[in-house]
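1. kindly generate the corresponding structure for this input.
(chains A and B)
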Amino acid sequence: MSSVWERVEPLLGTVERPARYLNSEWNAVHKDATEYRVALMYPDAYEIGMANQAIAILYERLNAIPGVSAERVFVPWVDMIERMRSAAVGLFTLESSVLVRDVDLLGITLPYELTYTNILEALDLAGLPVRADQRDETHPLVVGGGPCVFNPEPVAPFFDAFLIGEGEQAVAEIVSAHREALAGGLSRPDTLARIACIDGVYVPSLHEPGSAGRGVRVTKRVVDDMDACRGPLCPVVPYMDVVHDRVAVEVLRGCTRGCRFCQAGMVYRPVRERSADTVVRDVLEGLRCTGYDEVSLTSLSTTDHSQLEEVLRRLTRRLEGTGVTVSLPSLRADAFGVEMARLVAGAGRKSGLTLAPEAGTQRLRDVINKNVTEEDLLSAVESAFRSGWRRVKLYFMLGLPTETDDDVRGIGDLTAKVLRAARDVTPADQRGSVRVAVSVSTLVPKAHTPFQWQGQIPREEIERRQAVLRESMPRKGVDLSWHDADVSLLEAVLARSGREAADGIEAAWRAGARFDAWTERFDLAVWREAFSSAGMDIDAMAHRSYEREDVLPWGHITSGVAEDYLWAEYERALAGEATPDCSFEACTGCGVCGPAGLGVDMVLGGERRGR
Amino acid sequence: MAGDEFRLRLCCGKRGRLRFLSHLEYSHAFERGARRAAIPYSVTKGFSPHMKAAFGPALPVGTQGLREYIDVWLTRYVAAETVLAALGQALPGDLAPTEAGYAAAKEPSLGAACTIGVYEVRVEGGDVAQDIVSRALDDVVGAGVWQVEHKGKTKVFDLAESLPKEMDVRSTGEAEVVVGVTTRMGQGGSLRPDSLVSHALSRAGVAGAVTLVTRLDTLIETEEGTFRRPI
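-> Numbering: from 1, shown residues only, chains lettered A, B, ... in the order given. The predicted structure follows:
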């Protein structure tokens, strides 16, 4: 298989940011002897995709298999796509610059619904038919994974298979089954039938949509021991500035806070902490191996780690005087969270602090099970501003179930209280620099959450509530920003529709939609028209509700959390009843743990602190 | 500067495909390599402590550099060869340093001192031949000044000042020449040798294009008007 680098290099002189296409980054893996080639693709630009942990983990795992090489692929930026098309250069892998159409397996992570058109763009640029039923034995097997596969149906026609859940162990099984199929000269349908036998693998061509319960049923894969599954110790170090440009060490997986809008909190259960020793060791090793000057302790809720304080104290001691900083991705909105932030910031610069109360009134926070009280929030803010922070960012959502105008105005009231609390503890001469940034998005109901049956509020209603909120918001000291309601609407459509949406996605891509996650390139009108030409109404689809007895489009995929549990949580939400976090209190019966569930249990390194 | 710091000057490169790095990407890549090499670098004081390092004049994206200089301050003396070896292990070959030597604390910064760039511009295409390209360049130099529009700004170069040495043109193959250009970087900006050559070609109606630009050397101009290497 030959490299196309000779044909790529002349294109680089006239494109933006050629460092996206160079390869040869530190820690990139080049394997000479290769019997089986995997291309791992992130369906967006290099600088976004290089932050993805799944690609980094699978890259290291696959390259560790003898005879197998894994190489990275990102979607070239539009200027490069144009140059490649006119020079007839197909999509290529970074490491060896081989054509993606010549590899054995193309693995694509699905990080976000608005990258779907990029998948079609990439398949087409690779010279592959975008629909799986148009592909044959001469084409790579196209397998999807990642967060969005918990409702794979809208993109099902474009993939040969999906892996549902965690890939650390499953990828080797898929590769091994595929190698055997290739060696045995199996046809594409026979190959797929064989791969479908692997736990966690969903082959959409073997499933009739809407037949949950009668057709296939796929349970997600889950890793039982996070200490045994080390993350990528020596990840590839990009040359160009990328998002999250630092070492990322995953400190725990799963979150059982039970926020009812949150898909990640439902589908990544159970909670599995890595031990303090493993975390500290991997941080130091990752820094040594990459040369980064920053490390992030990642997870869905890092401040919940039972040994976080010990980890941070050990790290700040070991890293003293090196100029290396530790960062926490998200903070629990209470005094303990701020104490941890203070530990990592030390005496140094205090950048913004981000807290997510999500709703403006206690009633509505109980509905969504966001177990943060006003006292928690205000004590966190006071503690932060007393320690020298001068900016705080608050996240809220509009369109939550049962939301009234009083709840919406509650966001403004709570912001005013935060501002007052912040000013009260700030020395008089510095009060002018106190800022509260408020970021408001619209609820996008997600599959596998208690709100999965509920439609998004209509577009006009979003605008009306935004107006109510704007009225209630203090003017001075507050920077108010919105997540674009057009984007939220499309997210809602793609998150909860069935296989029929694929026609709309393909029509939108054919009409020119790509890089939809980039604000300046997103145009809802293109999507509305494309869906309409395919006989669908996106506004109705976003707003659509399901009944308890409906077969949900993703009903054949399970994360281990019982559908009955989700429904019970939905009813508790409407009744305004909170549900505790099982990692702090008793089991709440979601169905994930134990032999009756996924056969994997919660793993804690010690007693969790806080509530 | 604190007296306990040692200023080590390195001659690195931005070679091969890594010529496509921007100056910022190049400097980050060096700093990451220096941390991997675990050399005892100094850290700046202040709110965001970072590695104390200073870079010579920037190269544009796509321009190769064979002798690019970087000063890095160390907290203790380490033999230059030891640092060179450690960095050689921790940096991609296209960036790795080839020379190192300690510089006096009071010496001016690389950015201020390195005012001379010695370049090679490769030109390829249909009409390209030594005599044709030489004539095209002579015509431009003969005009005395060269005015460039860049990002909405107008820069005027006095070519007698900006080109301290005469350009030379060598034939390196069929329809391929290499133009040697030495430039003086000044207050009014730096003359891009590839732009100058492209300008000369289009002005003379010569079909040909610049395919590779390499800075061979980055030099300091002494008070006597001679050029010397920074190490």
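2. check contacts around residue 161.
-> In the absence of a named chain, chain A is used. Residue A:161 makes contact with A:141-144, A:174, A:192, A:195-196, A:201-204 under the criterion Cβ atoms under 8 Å, 6 or more residues apart in numbering or on different chains. C-betas here are computed from N, CA, C, even on glycine.
3. correction: the question concerned chain B.
-> Per Cβ under 8 Å, 6+ apart, neighbours of residue B:161: B:184, B:186.
4. could you dump the contacts of residue A:161 into CSV with pLDDT and neighbour count added?
-> Below are the contacts of residue A:161 laid out as CSV (pLDDT from 0 to 100; neighbours: other Cβ atoms under 10 Å in any protein chain shown):
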residue, pLDDT, neighbour count
A:141, 98, 25
A:142, 98, 24
A:143, 98, 25
A:144, 98, 26
A:174, 98, 23
A:192, 97, 21
A:195, 97, 21
A:196, 96, 18
A:201, 98, 22
A:202, 97, 25
A:203, 96, 24
A:204, 95, 25
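5. in strands, which of those appear?
-> Judged by DSSP state E, these include A:141-144, A:201-202 as members of strands.
6. quick one: contacts of stretch B:77-93?
-> Here stretch B:77-93 makes contact (Cβ under 8 Å, 6+ apart) with A:24, A:26, A:291, B:6, B:8, B:10, B:12, B:15-16, B:18, B:29-30, B:33-34, B:36-40, B:74, B:96-102.
7. return a PyMOL selection command for the buried portion of the residues you listed.
-> Burial among the contacts of stretch B:77-93 is assessed by 16 or more other Cβ atoms under 10 Å in any protein chain shown; the matching PyMOL selection reads:
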select buried, (chain A and resi 26+291) or (chain B and resi 6+8+10+12+15+18+29+30+33+34+36+37+39+74+96+97+100)
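8. which SSE is residue A:530 in?
-> For residue A:530, the element it lies in under DSSP states H and E is helix A:524-533.
9. repeat that for residue A:179.
-> helix A:170-183.
10. who are the contact partners of residue 124?
-> Answering for chain A, as no chain was given. residue A:130.
11. switch to chain B, please.
-> B:175-176, B:208-209, B:211.
12. quick check: residues of chain A near chain B?
-> Within chain A, the positions adjacent to chain B are A:9, A:12-13, A:17-19, A:22-24, A:26, A:237, A:239-241, A:287-293, A:321-323, A:348-349 by Cβ under 8 Å from any Cβ of the partner chain.
13. now a ChimeraX select for only the buried ones of these.
-> Per 16+ other Cβ under 10 Å, the buried members of the residues of chain A next to chain B correspond to this ChimeraX selection:
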select /A:12,13,17,18,19,22,23,26,237,239,240,287,289,290,291,292,293,323
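14. does the most centrally placed residue in chain A count as helix, strand or coil?
-> Closest residue to the average C-alpha location of chain A: residue A:111 at 5.0 Å, with Cα atoms, centre = their mean. Assigned by DSSP: H, G, I helix; E, B strand; the rest coil, the conformation of residue A:111 is coil.
15. was I right about it contacting residue A:53?
-> No. Contact criterion Cβ atoms under 8 Å: residue A:111 and residue A:53 do not qualify, at 10.3 Å.
16. run through the strands of chain B in chain order.
-> B:6-14, B:53-55, B:64-74, B:99-102, B:114-124, B:145-150, B:153-158, B:168-173, B:176-184, B:209-221, B:227-228.
17. give the partner strands of the second one in its sheet and their orientations.
-> The sheet places strand B:53-55 alongside strand B:64-74 (antiparallel), with pairing taken from DSSP bridges.
18. ok, back up a step: what helices and strands are in contact with the helix or strand just after the helix holding residue A:530?
-> Later in the chain than helix A:524-533, the nearest helix or strand by DSSP H and E is helix A:538-543. When contacts are defined as 3 or more Cβ pairs under 8 Å, 6 or more residues apart in numbering or on different chains; DSSP states H and E, helix A:538-543 packs onto helix A:485-496, helix A:524-533.
19. so where's the chain shaky on pLDDT?
-> No chain in the question, so chain A it is. Scanning chain A for pLDDT under 70 picks out the ranges A:210-215, A:347-349, A:611.
20. oops, wrong one, chain B.
-> B:1-4.
21. quick check: residues of it near chain A?
-> Selection of chain B residues close to chain A by Cβ under 8 Å from any Cβ yields B:17-18, B:20-22, B:24-25, B:28-29, B:31-36, B:38, B:43-44, B:47-51, B:61-62, B:90, B:92, B:94.
22. are any of these buried, and which?
-> B:17-18, B:20-22, B:25, B:28-29, B:31-36, B:43, B:49, B:51, B:61-62, B:90, B:92, B:94.
23. among the residues you listed, name the ones in helices.
-> Filtering those for membership in helices, criterion DSSP state H, returns B:25, B:28-29, B:31-36, B:90.
24. next one: stretch A:524-543 to chain centre, how far?
-> Distance of stretch A:524-543 from the chain centroid (Cα atoms, centre = their mean, to the nearest Å) equals 25 Å.
25. taking chain A, what residue is nearest to chain B?
-> Per Cβ to the nearest Cβ, residue A:291 is where chain A lies closest to chain B, at 3.3 Å.
26. that residue is in contact with residue B:31, isn't it?
-> Yes. Counting by Cβ under 8 Å, residue A:291 touches residue B:31, with 7.3 Å between them.
27. still on that earlier bit, okay, angle between the helix holding residue A:179 and strand A:141-145 too, please.
-> If you take axes from the mean of the first three to the mean of the last three Cα atoms, to 10 degrees, helix A:170-183 sits at 170 degrees to strand A:141-145.
28. contacts for helix A:170-183, please.
-> Contacts with helix A:170-183, where a contact means Cβ under 8 Å, 6+ apart, come from A:35-36, A:38, A:58, A:61-62, A:65, A:68, A:104-105, A:107, A:141, A:143, A:161, A:163, A:190-191, A:194-195, A:197-201, A:221.
29. how about the contacts made by the one residue in chain B that gets nearest to chain A?
-> Closest approach between chain B and chain A, counting by Cβ to the nearest Cβ: residue B:32, at 3.3 Å. Shown in contact with residue B:32 (Cβ under 8 Å, 6+ apart): A:26, A:237, A:290-293.
30. now do 7 Å
-> A:237, A:290-292 (Cβ atoms under 7 Å, 6 or more residues apart in numbering or on different chains).
31. then residue A:145?
-> By Cβ under 7 Å, 6+ apart, the contact set of residue A:145 is A:54, A:107, A:109, A:162-163, A:167.
32. could you point out which of these is nearest to residue A:362?
-> Closest approach to residue A:362 among the contacts of residue A:145 (Cβ to Cβ): residue A:54, at 36.6 Å.
33. in the contacts of residue A:145, find the pair that's most separated.
-> A:54 and A:162 (13.3 Å).
34. so for those two, which residue has more residues nearby?
-> Between residue A:54 and residue A:162, counting by other Cβ atoms under 10 Å in any protein chain shown, residue A:162 is the more crowded of the two (26 against 19).
35. pretty sure the more buried one contacts residue A:149?
-> Yes. Counting by Cβ atoms under 7 Å, residue A:162 does reach residue A:149; the two are 4.6 Å apart.
36. what's the domain layout of the chain?
-> In the absence of a named chain, this looks at chain A. Following automatic domain parsing, chain A resolves into domains at A:5-219, A:345-500+A:536-574.
37. let me rephrase: I mean chain B.
-> B:6-107, B:114-228.
38. how near is residue A:538 to residue A:465?
-> Noted for residue A:538: a distance of 20 Å to residue A:465, by Cβ to Cβ, to the nearest Å.
39. flag every buried residue along stretch A:356-369.
-> A:356-362, A:364-369.
40. next: stretch B:153-166.
-> Buried residues in stretch B:153-166, counted by 16+ other Cβ under 10 Å: B:157, B:159, B:162-163.
41. what's the answer for stretch A:430-442, then?
-> A:434, A:436-442.
42. with stretch A:340-356 instead?
-> Across stretch A:340-356, burial judged by 16+ other Cβ under 10 Å covers A:340-345, A:350, A:353-356.
43. now residue A:220. Nearest residue, chain neighbours left out?
-> Residue nearest to residue A:220 in three dimensions, not counting chain neighbours: residue A:165, with 3.0 Å by Cβ to Cβ, 6 or more residues apart in numbering or on different chains.
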